[in-house]
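Q: Here is the input, now give the coordinates:
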Amino acid sequence: MVKQTVGWFALVLVLLTAATWAIQGSDFALYRFFAPKQEAVRREVFEQSKAYNQGMVQEIQNMQFEYVKATPDQKAALASIILHRTADFDMSKLSPDTRAFIDSLRATAMGGAF
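A: Below is the predicted model:
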C-alpha cells in the first residue's frame, strides 16, 4: 500500500513537472513570436505621438541653430548627426525653412563636402 502511494505521488510529481516545463516552453515560444511584433507596434505608436514629433522638431531646430554658429569642422560633424537623426523622420512635420536646411545638407553630403 505504501509503495503504491509513493508510486502515485512520484507519478503525479513527474507529470506536474512535465506540464510546468511544457507550459514554460510554450510561453517562451509565444513570447519569441509575439514580443517583436508588440515592440514594433509600440514603437510605431510612439513615433506617431505628438510629444515625439514636437520633440524631434525642436531638437532639429536646435541643431540647425548650432550648425549656423559652428566652425567648418563642427559643421561637418553636426551635418552628419542631423542627417542621421532625420533619416527616418517625416519631413512634412518640419517647417519649410527647416526642410530646406536639411535638403541643403543632403545636397552637400551628396557632393562630398560640407
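Q: Look at F114 and report its pLDDT.
A: pLDDT, F114: 50.
Q: same thing with T5?
A: 89.
Q: What is the burial count for it?
A: A count of nearby residues for T5, using other Cβ atoms under 10 Å, gives 9. Every C-beta, even on glycine, is put in place using the N, C-alpha and C of the backbone.
Q: A18 versus that one, what's the distance?
A: 20 Å (Cβ to Cβ, to the nearest Å).
Q: how close does S49 get to A79?
A: Distance from S49 to A79, by Cβ to Cβ: 27 Å.
Q: more crowded one of those two?
A: More neighbours surround A79 than the other of S49 and A79, with 20 against 10 (other Cβ under 10 Å).
Q: contact partners of whichever helix or strand that one is part of?
A: Taking DSSP states H and E as the definition, one finds A79 inside helix 72-86. Helix 72-86 is contacted from outside by 56, 59-60, 63-64, 66-67, 70, 102, 105-106, 108-109, 114, using Cβ atoms under 8 Å, 6 or more residues apart in numbering.
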